[in-house]
Structures are given as C-alpha cells and as structure tokens.
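[1] 3D model of this:
(2 chains)
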Amino acid sequence: MAANCTDYEPSRIEPLWQKYWADNNTFVAKDFDSTRPKYFAMAMYPYPSGHGLHVGHSENYTATDLLCRYKRARGFNVMQPMGWDAFGLPTEQTAVETGVHPREVTRRNVATFKRQLDAHGFGIDWTREINTTDPQYVRWTQWIFAQLFKHGLAYVDERPVWWCPALGTVLANEEIVDGKSERGSHPVERRALRQWVLRITAYAEKLLERLEGIDWPESTKAKQRNWIGKSEGAEISFAIEGLDESLTVFTTRPDTLYGATYMVVAPEHPLVAKLTSADKKAEVEAYVKAASTKSDMDRTDLAKGEKTGVFSGSYAVNPINGARIPIWIADYVLMGYGTGAIMAVPAHDERDYEFAVKFEIPIIRVIEKLDAEGHEAPLPFCVYGKLVNSGKHTGLSSAEAKKAIVADLETQGIGRLAINYKLRDWLFSRQRYWGEPFPIVWVSEADFAKASGEVKAFLPEAPITFVQDGQVQYALPVPPSQLPLKLPETDNFQPSGNGESALGRCTEWLNIWFNASTGEALPASEPRPEGAEWVRGRRETNTMPQWAGSCWYHLRYVDPNNDKALIDPKLNDYWGSPDYYIGGPEHSVLHLLYAPFWHLFLHDIGAVTVREPYPRLVHQGMVLGENGEKMSKSRGNVINPDAVIKESGADAMRLYLMFMGPLEDDKPWNTKGIEGITRFLRRLWRDIIDAEGRVSAKYSTDANESKAFRKVLNETIKKVSDDCERGRYNTAVSQMMIFMNALAKEEAVRLASIKDFLKLLAPFAPHIAEELWERLGEKPSIVDAGWPTYNEAEMVEDEVMLGILINGKPRSEVRIARDADEATALALAKADEKAQSFIEGKAVRKVVYVPGKIINLVVG
RNA sequence: GCCCCGGUGGCGGAAUGGCAGACGCAGCGGACUUAAAAUCCGCUGACCGAAAGGUCGUGUGGGUUCGAUCCCCACCCGGGGCACCA
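    Below you'll find the model as predicted:
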C-alpha cells in the first residue's frame, strides 16, 4: 500500500491514500450507530463557480475535516457531508454567453470542485452529496414552498424592486453595490413588479428568541438582533377633522404624547388622497410623485441633507389634550415601517425637531431633566425624564407615563401597547431561468372555484391573487404528488425583457391544462382532457432565489435519497442538527436568518423533529493575499489551492492554513510560511525513514527515552487535545513543531511514542500520517487508531525555575523543588545574590508565593 | 450618529491575573561544500554599556492589584455592520 519513495514526496503519497479512503468507504457515515455518539459537522457548501476552489474554501474545509478526524479518533460516529449550491446567476450568465446549458455548466464546475476537494484529502461522505439543482432536491424545496403557501406565509405583492435593464432582470438588494449591479456595474432602477414574498416577519419574535440559547459568535447575534430590530411602544389612533377615518401611528414614546404638535404620513400612505384638501392637491401630488421616483437609497442619502415635506391641508386631534395639529406628508416617514404615519414630537425627537424648525411648527417641551446646576437640557431632548406640560400626567416619570397614558387611551379604544420590527418580509422571486420554478399555476376566478382534492388541500385560507390587464388571477398550488416541477428545456436563457424570466417564452411549459383536483398538467396546445376539473392555467414564470436551496440542506444530508419525505423522523432524531457549522460572516443576516426561518416553520408543521437548526456556529476569517489585501484577480494576489498542492502537497497546505493564525481571524498568506511547514514535514519524514526507505534504527520498541523528551511528548498530547477541543489549531501546530524539535535531539525513541505523535498529526496532515503509520508496521487506517492519552506524572518536573520578583519586577530566578513551601522559597530568594542587591537595606513587607511560578517580595 | 470586533518585535502570531514575545517566517553569524542550493548549529524587542548588567516596552492616559497584554474607566486609531425604523 505505502508509496514507493525514500524521500518525502507528497505528490506520490497523497493520491495513493486518497484512493485508499475512497476504495474502502472510509468516510461513509453509518446511520443509527448506537455504539458511538454521533457527530455531524457541516461547512457552508460552495457555489460551484467557473473559477474553481478558492483558498478560503481550503481553510474552511480543512478546519472542518480536521475536527471530524479528531472527533472520530475520539470515538464519535462522524458525518461530514458536502453539496453544491448550484442555482444562481453566474452559471446562467455563462450559459447565456457560451450557449452551454446551465445544467451542463453546473456539471462541469461540480466535477472540478469535487476533484479539488478530494485533492485536499477531505474525509467527505460522498454518498450524501446533494445538489440544489437536482430535480429530486428541487422537489423538496418546492414541497416546502407549497407548505409555506398553504400556511399563508407566501403571498404576492407588487412592489418596487431593483431592475437592471442591461441584465434584463431584477436584482436583490444585496446584488446592488453603490447604486449599480454587483455584476458588470450596470445602472439599476426602481420598478414595480409582481413579486412573491415570504412572511418572515411572522417569525420575527421566534428568530429573536432563539438567539438566546445558541452558541454563535456574539457579533453575528448582535447583527441579527439589530436587523430584526424589535422595538416596543404603542399604537395610537388620532381622529381626523372632517373625516370618518382615523390615523394610527406607532410610537416608542407615548410619554411624549402631549408634545405632539403635528403628524406626518409617508407619501405612499393610503390616506394621502383623502387627507389632501382641494387647495393643496397640486402641491401634494407633485410631492408624492417626486418621492415615488426616489429609491430608498436616494431617500437615505437625503437624510444627510434637508428634510422635505408638504402640508396636506388636514388636521388631526391629539387624543390626550384635544389639540388641533396639522398633518404633513413627508418622505422621512417610511411606509414600510410601523403604520407609515407618525405623531411628531419635535421637542423630543431629532428628526421632528429639524422638520419643525424648518417649517415653523410649534415645539413644546413635555419632558424635563435638570442637570446638576438645575438647568434644563437643550432641545431636542431625546431621552427619558420627568413629564411637564402634560396635564394630569405632569410629574410622572417617562416610564410611569407610558403605562398611564396608554392605559387611558386603551379605555377609549384608541391606543394599545404594540411591538414593531424593522425586519421586512422576504422578497422571494427572481426573474431568472436557473432557479427553482414556483409550484404555482395562475387561473381565472371561475376556475379557482373548481379547486378540490389535493390542490384544495394546499390552498391558503385567503386566496393569493394579482390583477393583470384588468383580470384577477388566482394562484393554485401544484401539489406535492406532482413535484418536482422541472424547468422547461430551452436554449435561450436570457430573461424575456418584460420583467419575466426565460420561462415566459417557454409556451409549451407555460400555458397548460391544469387539473384543479390532482394538479396534473398538459400543454395547452394539446386537446383539453375530459373532465370539469381541467382548467386553463398559466404557470408562474418567476423562479426562487439562490437562498432557497440552502435553507434546508442541513436536513437533506441526513437523509439524502428519501423520496417519501423531506427527512425521515428517525434519522432526524439520530443525527439531529449539525454539532458544528462553519462559514463566512458575510451571511450573517441572509442565509443565517432565512434558513432558521424555514427550519422553525418546518418544525412547527411537524416536518422536522429538532427545533434548532444551527446550535453552534463558527466563522472562519478571510485568507488575504500576500500584500495583506483581499484576494482578487484585479489585485493579482490570488493563491490557487491546486498550485499550492502541486508545489507543496495537501498536507503542507492544510497544516499551514491552520498554523497561520486563529481560524476566526483574517490573515495574509505567506509563501515563505508554507515552506517552513514543508521543512517541518520533511524533518519528520527524514527522522523516521532512512535514506534506503526503511524505518530508522533510532526507533525501537523499548528505547530509553530521556525524561525531557517524555515530558514534551506528554505535553504535546495534552496541548493538541485541548487545542482541538477549543478550535485553536494554530497553537496545536506550534506544539507539534516543539515536539519535532525535541524529537530531532533525541537519540533513541520508542515506536509507541512516534505512533502516538502520528495519531495527533493525522487530523492535520492525514496523508503523511497514514504513510508513516503503515511504514512503522501498522495496518491502515490511522483514522481508526484512536487518540493517545497523556500521563500527568511525566509532565511535572521535580525541580522548576522559580522567578524572583522584587516589587513586582522580575529580578532573578532560582532552581527549587516544585512543591517547596513558602518558607523554603523565601529563604532561597533572600539568599539569591542578585535578589539581595535589590533587597539590601530594605524591609520585606509582604511575600506573595505562587508555587512553581514566582515569588514576589514587596520591600521598602 | 449607533452597534460589534480588533490594536503585542521587521512579519504571522503566543501568553486571559504570575518571568511578554512560545512556534514559524524574515534577518545575522557559523558548520558542511571548489561554489551555490539543501541541511545542521547558534543569535535575533528597543535603548545604554567593552562586558557584567541596567532602563524602557503589549495604541494613549488614568484606576484596581503584591503583580496587568489580560480586569475597570476615559480617549485615539483601524476594520466590519446598521443608519430618517418614529
């Protein structure tokens, strides 16, 4: 089995062992193994781009692989799966440019990625490989959508989206950088288009709560809390003079209600027209029109400039004091948050203050807080204090007043406590070809009424509709029995240019006879089948965004081939959620919010048995270029893993990636650094294997090892074990280097000692470990050789060097018995010549003795 | 503006209250070699000093402590995120 080489030649050793692992199914995880605890480790799966694997992938997956191999050595039943996040725009773009079908582009890219991953020596269980574009995977992604649809969590809305004329598609917010498309830097504009939206806001509270119990980086939890943006306050209704309607606002400061001197509604607010008086009509309409052409970004940019607004001509009544206050229309109020209307309290809100000053609206102080000199704080004063000018509530604290005022309003039925979230619903459709088709068929109202059977069973309580050319279109679900709904075959993947994807051109697929009971379908070009349940339908032309597949892939790894269910509950119970999930921090508020949303929903409907999808999350840092900058082709500082493996071997690259620094930190690549690692591996090889390729005579069963060497060996076992537990791989590698330095000095070494060391090395550099393991006479594979134990007794020395500190400063040191008592230590310290020169003529006032470390004499 | 993370030799980093700089890289000196590469051995924070040795030193300034890179307060700098969210 072993490679036929006398020198350390990774290019000969590594492919051999990779083949061995593959041939022996070494890394196929066993379901329901009750003899060992399970360990499910997952790294964020890659998007198989045409550029091949990035060295950042190498880092991420090396950390995962090493943890898996370590856990396996520690007796766990380990599962390390891998898959492909293969839908998406770059593949579609390649298809458009080259005319090669995206399926084929994906197949080629996946083949490259797989080859590259295998060349790293990763112990991936390929029997669990998943691909989000595989129809058998798409089937269950669509199944989940059908469930969301059924439970009222998917709806259609016409909303402004980023439209890129050059790309002929809408783009997601995250695909816009500085007002241009991320790909190609094309201009983008706002367009109102019919979109699918998922009601993630229904899960806002659950998504927030779950953050309490999970082991995630604090920074990511903070980002998510910020993104969800919970704020507690009240909803208050204001009567409108001369109108039957009332205007409801959300406020976090009901305690300032007496100070509300005007109101503002967003330009998109539904009451704008009714509020506008005849004499203001022209002015208001012009303002609303101007606001509608502004994007959110323009509005945000304007935040730095002056506020704008226009008086509607209407007045509202402040419910707490009956004051008549004007209603303004201004775009500093956003329709998407709260109720799209506010009560403005200029004395106690910076924005309202700025607006009131500009438009000369009264400013009334209702909160007071005196400073030490008894002076009132200047306006706007935006924190809590004591109420003034507030009728019967004057004198209350802000906290008391909030309760009292809301309670008052509540008895009149015009106020209540309310909670608001910044989180918006999730825009879930894209106008692209290469994505999951929605399992939705649009039909007329009359045909919608014919829904029965399985189709009806998957309808939400309230129908989902939209209006097209004056006709109301009704959404019917393609039920689970008819899934997957496959993409139509075409050779033109370009968006159709009218806001629809390429699917809009695939007429045979698009226009169908749809069975409103079973969900079966036939092209409309064929004769209408017999039976009243057959209706004319048009399929949804949007596809799902790339995030869809990754919302549940952690579940599919557990049960990748199940064609009866998303996941078998028994397997779900056995493997649970990933014990470890690693990926970049860039997904903090995207994938890492979307996936828990889907997972919590699936748990709520009983489709999965485990509540929390990702109990433990780790972010790896970025591998930067040698110049310390982010790697990019334009900077010319890209490190290609293939080239590194060819030059230095996978083992050296793996070790170096782990040695560079803490996993979570960004750190620059250094070509000289990997040479140092290669030197380490070559020294190890040469120490064990002599020039003829045999085990060096230095090694024997019962060699007489020095105490110092025994100490380093035991320390190394302890340190590497602890560091693997803590994820501090850089210091584990350091310790192995320390061991190597000791090994080189030692004249005779026991075989058992070097074998123990190889077990430690194996998770980091598996190929050389296997090779040496076998050459030392063991049977493959070292993967199942277990983990060494250390002996505390061999690590402690009878005598240690004790630091002598005078007034906290290190001045000398003395050799002393490890467990010497304080009196002995003090006597030795006082007798020390160097120490004496600092003590001379002074009294020792205090002694602090830390056995084995320091003795500190306080003199003076 | 708000939130989060960080700041240690020439470089990557180590040390989470006990002798700062482990380990590696780079650099310097030496051995081997006709020579170079490779390999091996030694030195390598700054300053003063011939040396012994001393002084300073973990972004800055305070504080707690016998003792602080580590804990607390204030500030400076860098990175990331959010930002008219009522």
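
[2] I'd like to know how many residues surround A:Val28.
    When neighbours are defined as other C-beta atoms under 10 Å, A:Val28 has 13 of them. For glycine as for every other residue, the C-beta is placed from the backbone atoms N, C-alpha and C.

[3] Does A:Tyr39 belong to a helix, a strand or coil?
    strand (DSSP: H, G, I helix; E, B strand; the rest coil).

[4] Who does it form a beta bridge with?
    A:Val78 (DSSP bridges).

[5] Just give me the neighbour total for it.
    Neighbour tally, A:Tyr39, other C-beta under 10 Å: 22.

[6] where does the stretch 251-400 of chain A have low pLDDT?
    A:293-305, A:371-374 (pLDDT under 70).

[7] which residues of it fall in helices?
    Secondary structure of the stretch 251-400 of chain A by DSSP state H, counting those that start in this stretch: the helices cover A:272-275, A:281-293, A:296-303, A:350-359, A:398-411.

[8] Reformat those helices as JSON lines; add distance to RNA strand B and mean neighbour count.
    Output for the helices of the stretch 251-400 of chain A, formatted as JSON lines (distance: least, C-beta to the nearest atom of the strand, whole Å; neighbours: other C-beta atoms under 10 Å):
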{"stretch": "helix A:272-275", "distance to RNA strand B": "14", "mean neighbour count": "18"}
{"stretch": "helix A:281-293", "distance to RNA strand B": "10", "mean neighbour count": "14"}
{"stretch": "helix A:296-303", "distance to RNA strand B": "4", "mean neighbour count": "13"}
{"stretch": "helix A:350-359", "distance to RNA strand B": "4", "mean neighbour count": "18"}
{"stretch": "helix A:398-411", "distance to RNA strand B": "11", "mean neighbour count": "17"}
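
[9] Out of the ones you listed, which gets nearest to A:Ser429?
    helix A:296-303 (18.9 Å; C-beta to C-beta).

[10] Confirm for me that A:Ala192 is in contact with A:Glu158.
    Yes: taking C-beta atoms under 8 Å as the definition, A:Ala192 is a contact partner of A:Glu158 at 5.3 Å.

[11] circling back to that earlier point, nearest to A:Cys164, of the helices of the stretch 251-400 of chain A?
    That would be helix A:296-303 among these, by C-beta to C-beta, at 14.5 Å.

[12] quick one: contacts of stretch A:814-825?
    A:796-802, A:804, A:828-829, A:832, A:847, A:849, A:851-852, A:855 (C-beta atoms under 8 Å, 6 or more residues apart in numbering).

[13] what residues does the stretch 351-500 of chain A put near RNA strand B?
    Counting by C-beta under 7 Å from any atom of the strand, the stretch 351-500 of chain A comes close to RNA strand B at A:Arg351, A:Asn420, A:Lys422.

[14] tally of neighbours for the residue nearest to A:Ala524 when sequence neighbours are not counted?
    The shortest distance from A:Ala524 to any non-neighbouring residue, by C-beta to C-beta, 6 or more residues apart in numbering, is to A:Asn511 (4.0 Å). Residues near A:Asn511, counting by other C-beta under 10 Å, number 15.

[15] measure A:Asn511 to A:Thr106 for me?
    28 Å (C-beta to C-beta, to the nearest Å).

[16] What residues does the residue nearest to A:Ala524 make contact with?
    Counted by C-beta under 8 Å, 6+ apart, A:Asn511 has contacts A:Pro523, A:Ala524, A:Ser525, A:Arg536, A:Gly537, A:Arg538, A:Arg539.

[17] Take those residues and keep only those in strands.
    A:Pro523, A:Arg536, A:Gly537, A:Arg538, A:Arg539 (DSSP state E).

[18] most surrounded residue in these?
    A:Gly537 leads the ones in strands among the contacts of A:Asn511 on contacts (other C-beta under 10 Å) with 25 neighbours.

[19] Now do the same contact list for that residue.
    A:Val441, A:Trp442, A:Val443, A:Asp447, A:Leu476, A:Asn511, A:Ile512, A:Trp513, A:Phe514, A:Ala521.

[20] Recalculate using a threshold of 10 Å.
    A:Gly537 makes contact with A:440-444, A:447, A:473-474, A:476, A:478, A:510-516, A:521, A:524, according to C-beta atoms under 10 Å, 6 or more residues apart in numbering.

[21] got it, and A:Ile754?
    Counted by C-beta under 10 Å, 6+ apart, A:Ile754 has contacts A:684, A:687-688, A:695-696, A:698-699, A:703, A:713, A:739, A:743, A:772-773, A:776.

[22] what residues are up against A:Ala827?
    Applying C-beta under 10 Å, 6+ apart, the residues near A:Ala827 are A:Ala820.

[23] For the one helix or strand it maps to, buried residues please.
    In the assignment (DSSP states H and E), A:Ala827 maps to helix A:822-831. Buried residues in helix A:822-831, defined by neighbour count with 16 or more other C-beta atoms under 10 Å: A:Ala825, A:Leu826, A:Leu828, A:Ala829.

[24] ok, is that helix in contact with RNA strand B or not?
    No: judged by C-beta under 7 Å from any atom of the strand, helix A:822-831 stays clear of RNA strand B, getting no closer than 12.5 Å.

[25] what's the average pLDDT for the next helix-or-strand element following that helix?
    Beyond helix A:822-831 on the C-terminal side, the first helix or strand identified by DSSP H and E is helix A:833-839. Across helix A:833-839, the average pLDDT comes to 83.

[26] returning to that earlier point: which of the contacts of A:Gly537 are buried?
    Counted by 16+ other C-beta under 10 Å, the contacts of A:Gly537 give A:440-443, A:447, A:473-474, A:476, A:478, A:510, A:512-516, A:521, A:524 as buried.

[27] Among those, name the ones in helices.
    Under the assignment DSSP state H, the buried ones among the contacts of A:Gly537 contribute A:Asp447, A:Leu510 to helices.

[28] just checking, which of the buried ones among the contacts of A:Gly537 belong to strands?
    Per DSSP E, those map to strands at A:Ile440, A:Val441, A:Trp442, A:Val443, A:Gln473, A:Tyr474, A:Leu476, A:Ile512, A:Trp513, A:Phe514, A:Asn515, A:Ala521.

[29] Redo those as CSV? Include pLDDT.
    Below are those laid out as CSV (pLDDT from 0 to 100):
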residue, pLDDT
A:Ile440, 98
A:Val441, 98
A:Trp442, 97
A:Val443, 97
A:Gln473, 96
A:Tyr474, 97
A:Leu476, 98
A:Ile512, 97
A:Trp513, 97
A:Phe514, 98
A:Asn515, 97
A:Ala521, 97
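
[30] How is chain A partitioned into domains?
    Chain A breaks down into these domains under automatic domain parsing: A:143-199+A:426-539, A:231-420, A:649-654+A:669-794, A:797-859.

[31] distance between the shortest one and the chain's centre?
    In terms of C-alpha atoms, centre = their mean, to the nearest Å, the centre of domain A:797-859 is set 52 Å apart from its chain centre.

[32] picking that back up, from the buried residues of helix A:822-831, which two are the most distant?
    Maximum distance among those (C-beta to C-beta): 7.3 Å, for A:Leu826 and A:Leu828.

[33] which secondary structure element contains A:Ala22?
    Short version, using DSSP H and E: A:Ala22 is in helix A:10-23.
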